[in-house]
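Peer 1: I would like the atomic coordinates for the input below:
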Amino acid sequence: MPLTDAQLWAAVLGYLLPPVIAVVAQPRWTGPVKGLLMLVVAVLDGLGTSYFNDQFSGKSVVTCMLIAALAIGVAYHTLWRPSGIAPGIEAGTSTGGRVTSAPVQEI
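Peer 2: Sure thing, here's the model as predicted:
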């Protein structure tokens, strides 16, 4: 079964999206929260690629979402995390949340 244009675009975008996800994700977030963010992005990827390729029907949309989720997960675990790029982006765009010790004032 050959892949459609929408499915191929979902895979390509999914492979390139982990750095974008890392901009939003925070280092202090737990794994399930980061996974939920990835699934939301995969749903948006699947919806967008199906819509812009005029294949916005039930099976095509779901297939694009699943392909995007798979591509994002594989790309993150094989390229973006081992290279340190995604964790570096997460740390660089962190809004704080790290516990630092406040200076002690002596009276």
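Peer 1: tell me what the lowest-mean-pLDDT helix or strand in the chain is packed against?
Peer 2: Ranked by mean pLDDT, DSSP states H and E, the weakest helix or strand in the chain is helix 85-92, scoring a mean of 93. When contacts are defined as 3 or more C-beta pairs under 8 Å, 6 or more residues apart in numbering; DSSP states H and E, helix 85-92 packs onto helix 18-24. Placement of C-beta: from N, CA and C, glycine included.
Peer 1: For burial, what's the neighbour tally of residue 83?
Peer 2: 10 (other C-beta atoms under 10 Å).
Peer 1: follow-up on the earlier one: give me the residues contacting the least confident helix or strand of the chain.
Peer 2: Applying C-beta atoms under 8 Å, 6 or more residues apart in numbering, the contact partners of helix 85-92 are 18-19, 21-23, 25-27, 76, 79-81.
Peer 1: any chance you could map the helices in the protein?
Peer 2: 5-16, 18-24, 31-52, 58-75, 85-92 (DSSP state H).
Peer 1: now the ones you listed in JSON lines, with mean neighbour count?
Peer 2: Below are the helices of the chain laid out as JSON lines (neighbours: other C-beta atoms under 10 Å):
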{"stretch": "helix 5-16", "mean neighbour count": "20"}
{"stretch": "helix 18-24", "mean neighbour count": "17"}
{"stretch": "helix 31-52", "mean neighbour count": "17"}
{"stretch": "helix 58-75", "mean neighbour count": "19"}
{"stretch": "helix 85-92", "mean neighbour count": "16"}
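Peer 1: want to throw the contacts of helix 85-92 into a markdown table with distance to residue 60 and pLDDT?
Peer 2: Shown next, in a markdown table, are the contacts of helix 85-92 (distance: C-beta to C-beta, whole Å; pLDDT from 0 to 100):
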| residue | distance to residue 60 | pLDDT |
| --- | --- | --- |
| 18 | 24 | 96 |
| 19 | 27 | 96 |
| 21 | 23 | 95 |
| 22 | 28 | 95 |
| 23 | 29 | 94 |
| 25 | 28 | 93 |
| 26 | 33 | 91 |
| 27 | 36 | 89 |
| 76 | 24 | 96 |
| 79 | 27 | 96 |
| 80 | 27 | 94 |
| 81 | 30 | 94 |
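Peer 1: Report the two of these separated the most.
Peer 2: The distance between the two most remote of those (C-beta to C-beta) is 21.0 Å, for 26 and 79.
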